[in-house]
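1. this one's sequence-less:
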């Protein structure tokens, strides 16, 4: 029987399926059509583009970093400008531009400032208006494009986070105008016992002043030029309102106080910082301290004379009346005590020991809160005599300033202070003349008192002691209120 051979044809040669098994020229190695892969990839690109468009359209608004300009007026400040710039460049918030304004310098201030990288040195041109003119020239030249402008004295040392704290507070303040650092003085700068004592008194004075400002919801009547940060929009508004080339008033001896008044008149804020610290340059001798306070007091007096009474000037008047009442009680007590002893009519009453005791407690409270306090601060507060002498000096300074203003006498306070800080005196003739006038007045009063009729002496003593007792009682109650007043955790 014959066997029929079975022949199996290869699949690739099957005439019915050859078209399906041979790869097409438009298909990939894995037999996936290229047109499908292209469609998939096009869909991925479209989705990616849609995602990018969506992210761009609905991205959160980008926060613009505020720009800060620092202006440092400097006239013959070679002894302090280097330390000041070192502290400024070490800030946790470094300014975007630092401008040292070399104003008619005859020393090495400009050369020292140029050694610091990142510091712009500008030389004033034809400036005859001292610090105020220097500030206005620099502000007009550099202020464009900046959100904040800081004015800092060349002898001020900032704490490492001072500018950061000032900017943070001003950024969240409604209708921001300016914010001032809390000022104090470095006790270590005193090289002599007198210098150290004067620094202690200035520390105590500024602690009291700052504590009062913090109590008034941080509102201040002066944004001190030692270290203050301003909103540049507010400064521009002041310049536009006053029709001047800069926000600082060239006719004022207290340009920082005048600027504060302008800001508050336009309903901008003027606050004391709760956290920023600055160490101002202290006056190290009585002559320099007297010249500085004369400039301040006389400038304030002229400002009050030409200003209307409003909420801002009311604070200034209250301060002046406080000095007047303190002067009246001190002078009145000395006069009545001497007058009573001369006619053998003095009788001691222990009630007069209460006001000094209350004053010691108030001074202790202030000295305890002085930044970086020392045992010497507390001792000066307890002894009371240094504080009283300092207060009498302030009263005399304010009295002399008001006398000049009311008499129409004009003096260059800036020049007087500069000469005093350099050790130059106001002239032995002036000092001798003042001593002679005071001696003649005292001699005349004593002669007239001794030769007055007995009933006149009795009436003057009775009325004088009664009036002094009333004023002293009111001042004592005010001191008790200041002692009991809570600090709410705010430190000067």
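-> Now that the structure is in, tell me what you want to look at. Quantities reported herein were computed from a predicted structural model and do not represent experimental measurements. Numbering: from 1, shown residues only.
2. Is residue 417 in a helix, a strand, or coil?
-> helix (DSSP: H, G, I helix; E, B strand; the rest coil).
3. my read: it touches residue 292, true?
-> Yes - if you go by Cβ atoms under 8 Å, residue 417 and residue 292 touch, sitting 5.2 Å apart. Using the backbone N, CA and C atoms, a C-beta is placed for each residue, glycine as well.
4. Looking at these two, which has the bigger crowd around it?
-> Taking other Cβ atoms under 10 Å, residue 417 and residue 292 do not tie; residue 417 has more neighbours (22 against 19).
5. From residue 78, how far off is the nearest residue to that one once chain neighbours are set aside?
-> Closest residue to residue 417 apart from its sequence neighbours, by Cβ to Cβ, 6 or more residues apart in numbering: residue 291 at 4.2 Å. Distance, residue 291 to residue 78, using Cβ to Cβ, to the nearest Å: 20 Å.
6. got it, and residue 88?
-> On the measure of Cβ to Cβ, residue 88 and residue 78 end up 16 Å apart.
7. Name the residue in these two with the higher neighbour count.
-> Set residue 88 next to residue 78 and count neighbours by other Cβ under 10 Å: residue 88 wins out with 24 against 17.
8. my read: residue 413 touches residue 293, true?
-> No - under the criterion of Cβ under 8 Å, residue 413 is not in contact with residue 293, lying 9.9 Å apart.
9. what about this protein, any weak spots by pLDDT?
-> Applying pLDDT under 70 to the chain flags the ranges 1-32, 60-64, 419-431, 434.
10. let's see 80
-> Residue ranges of the chain with pLDDT under 80: 1-34, 36-40, 42-43, 51-64, 411-436, 438, 487-490.
11. Kindly state the domain boundaries assigned to it.
-> 68-282, 316-484 (automatic domain parsing).
12. just those domains: most buried one?
-> For the domains of the chain, the largest average neighbour count (mean count of other Cβ atoms under 10 Å) is found in domain 68-282, namely a mean of 20.
13. For residue 363, list the residues it contacts.
-> 204, 380-382, 384, 387 (Cβ atoms under 8 Å, 6 or more residues apart in numbering).
14. Checking the one residue sitting closest to the centre of the chain next. Helix, strand or coil?
-> Nearest to the mean C-alpha position of the chain, by Cα atoms, centre = their mean, lies residue 180 at 3.2 Å. What three-state DSSP gives for residue 180 is strand.
15. In the sheet, which residues pair with it? Tell me.
-> Residue 180 has these beta-bridge partners by DSSP bridges: residue 228, residue 272.
16. Now do it against residue 457, distance only.
-> Residue 180 is 51 Å from residue 457, by Cβ to Cβ.
17. Repeat that for residue 40.
-> Counting by Cβ to Cβ, the gap from residue 40 to residue 457 is 117 Å.
18. same thing with residue 378?
-> Where residue 457 is concerned, residue 378 sits at a distance of 43 Å (Cβ to Cβ).
19. Span of stretch 447-462 from start to end?
-> 20 Å (Cα to Cα, to the nearest Å).
20. just stretch 245-256 next, same as before
-> End-to-end distance for stretch 245-256: 16 Å, by Cα to Cα.
21. Return the distance of that stretch from the chain's centre.
-> Relative to the centre of its chain, stretch 245-256 is centred 16 Å away, using Cα atoms, centre = their mean, to the nearest Å.
22. coming back round to it: need the contacts of residue 363 in CSV with distance to residue 213 and secondary structure, can you?
-> Putting the contacts of residue 363 into CSV (distance: Cβ to Cβ, whole Å; DSSP: H, G, I helix; E, B strand; the rest coil) gives the following:
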residue, distance to residue 213, secondary structure
204, 15, helix
380, 23, helix
381, 21, helix
382, 26, helix
384, 25, coil
387, 20, helix
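23. Tabulate these in a markdown table, adding columns for distance to residue 283.
-> As requested, those are exported to a markdown table (distance: Cβ to Cβ, whole Å):
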| residue | distance to residue 283 |
| --- | --- |
| 204 | 14 |
| 380 | 16 |
| 381 | 20 |
| 382 | 24 |
| 384 | 22 |
| 387 | 17 |
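24. So residue 69 is in contact with residue 150, correct?
-> Yes - with contact defined as Cβ under 8 Å, residue 69 counts as touching residue 150 (7.1 Å).
25. hang on, the earlier thing: report how many residues lie close to the residue nearest to residue 417.
-> There are 24 residues near residue 291, going by other Cβ under 10 Å.
26. What strand or helix carries it?
-> helix 286-306 (DSSP states H and E).
27. Remind me what that helix packs against, helices and strands.
-> Contacts defined by 3 or more Cβ pairs under 8 Å, 6 or more residues apart in numbering; DSSP states H and E place helix 286-306 against helix 193-215, helix 255-265, helix 311-342, helix 385-407, helix 413-421.
28. Next, the angle helix 193-215 makes with whatever helix or strand residue 376 lives in.
-> Here residue 376, judged by DSSP H and E, is contained in helix 375-383. Per axes from the mean of the first three to the mean of the last three Cα atoms, to 10 degrees, the angle that helix 375-383 makes with helix 193-215 is 80 degrees.
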